[in-house]
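Enquirer: Whatever this is, show me its structure:
(one chain, ligands or ions: 1)
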Amino acid sequence: MTKRKNQKNQKKQFDKAAVEKAVRIIIKAIGEDINREGLKETPRRVADMYEDIFSGIGRDVKDIVKVFEAEDHDEMVILKDIPFYSVCEHHFLPFLGKAHIAYIPRKNKLLGLSKIARIVELYAKRPQLQERLTSQIADSMLKAIDPLGVLVIIEAEHLCMTMRGVKKPGSKMVTSAIRGVFRKNESTRKEALALISK
Ligand SMILES: [Zn+2]
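Expert: Just a heads-up that it's a prediction; the model follows:
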């Protein structure tokens with residue numbers, strides 16, 4: 001029992017040596033020379049980078065969220081142009097762009113901009129899908145501060161599409177997650193969308 005538990009915990013830890021080994025195998029497998037000057041240190045560099053760009057794996061929003069209590073603020077809050085970088089889980093190539101978030105607090109419970117930016121980052125630093133990233137941000141906001149409504153829009157460029165010529169460079173995919181009053185009330189939703197697209 002204990003042994004199994006330990007193994008489970010170990011699985012969650014980042015295994016830098018295993019990543020280095022795997023990258024070395026890939027470099028050889030694509031027909032490159034692992035001893036070539038420019039590639040010698042590449043497995044180590046990739047492993048270091050993966051440790052950072054996948055640092056959101058297994059982490060919980062509870063660790064970063066602190067709620068502000070504002071005095072009498074029950075109006076819409078909009079946070080625009082939060083930059084993020086993530087990795088498409090289908091191709092392991094980056095997708096990057098901006099997140100826009102609107103919410104209407106309940107009982108004056110607010111989340112600061114830096115906290116919201118960290119929530120976005122936590123979910124972005126995993127192998128991801130844009131649709132899932134969008135709804136995870138919305139749902140974690142619901143859980144953290146129970147707002148009357150939350151609306152998340154993400155626009156991103158996927159290098160797995162643009163590099164391969166599936167889509168023109170610069171073309172973006174837009175996803176949204178709409179919860180609470182934004183779903184029920186069309187004029188509230190329109191107001192949020194108008195403020196976001198300004
Ligand atoms: Zn992809």
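Enquirer: what's the distance between the longest helix along the chain and the middle of its chain?
Expert: Within the chain, and with DSSP state H defining each element, the longest helix by residue count is helix 130-145. Helix 130-145 sits 10 Å away from the centroid of its parent chain (Cα atoms, centre = their mean, to the nearest Å).
Enquirer: Repeat that for stretch 19-30.
Expert: Taking Cα atoms, centre = their mean, the mean C-alpha location of stretch 19-30 is offset from the chain mean by 26 Å.
Enquirer: The residue nearest the centre of the chain: what's it in contact with?
Expert: In the chain, the centroid-proximal residue (Cα atoms, centre = their mean) is residue 124; its distance is 1.9 Å. Applying Cβ atoms under 8 Å, 6 or more residues apart in numbering, we find residue 124 in contact with 56, 84, 85, 86, 133. All C-beta spots, glycine's among them, are computed from the backbone N, C-alpha and C.
Enquirer: Out of the residues you listed, grab the one that's most surrounded.
Expert: Note: the member of the contacts of residue 124 with the most neighbours is residue 86, at 25 neighbours, neighbours being other Cβ atoms under 10 Å.
Enquirer: and the closest residue to residue 108 other than its chain neighbours, backbone torsions?
Expert: Distance criterion Cβ to Cβ, 6 or more residues apart in numbering; nearest residue to residue 108, sequence neighbours excluded, is residue 70 at 4.7 Å. With angles defined as degrees, to the nearest 10, residue 70 sits at phi -100, psi 160.
Enquirer: Quick check: residue 70 touching residue 110?
Expert: Yes: in this structure, residue 70 is within contact of residue 110 by Cβ atoms under 8 Å, at 4.7 Å.
Enquirer: which one of these two has more residues nearby?
Expert: Under the neighbour definition other Cβ under 10 Å, residue 70 and residue 110 were set side by side, and residue 110 has more, 17 against 13.
Enquirer: Would you confirm that the more buried one contacts residue 74?
Expert: No: counting by Cβ under 8 Å, residue 74 is not a contact partner of residue 110; they are 10.1 Å apart.
Enquirer: Just give me the neighbour total for residue 107.
Expert: The number of residues packed around residue 107, counting by other Cβ under 10 Å, is 11.
Enquirer: per-residue pLDDT, it?
Expert: Per-residue confidence (pLDDT) for residue 107: 89.
Enquirer: Likewise for residue 68?
Expert: At residue 68, the model reports a pLDDT of 82.
Enquirer: For the ion, see how far away the residue nearest to the centre of the chain is.
Expert: As defined by Cβ to the ion, to the nearest Å, residue 124 lies at a distance of 15 Å from the ion.
Enquirer: low-confidence ranges in this structure?
Expert: Using pLDDT under 70 as the threshold, the predicted model of the chain has low-confidence ranges 1-12.
Enquirer: what about 50?
Expert: Applying pLDDT under 50 to the chain flags the ranges 1-3, 5-11.
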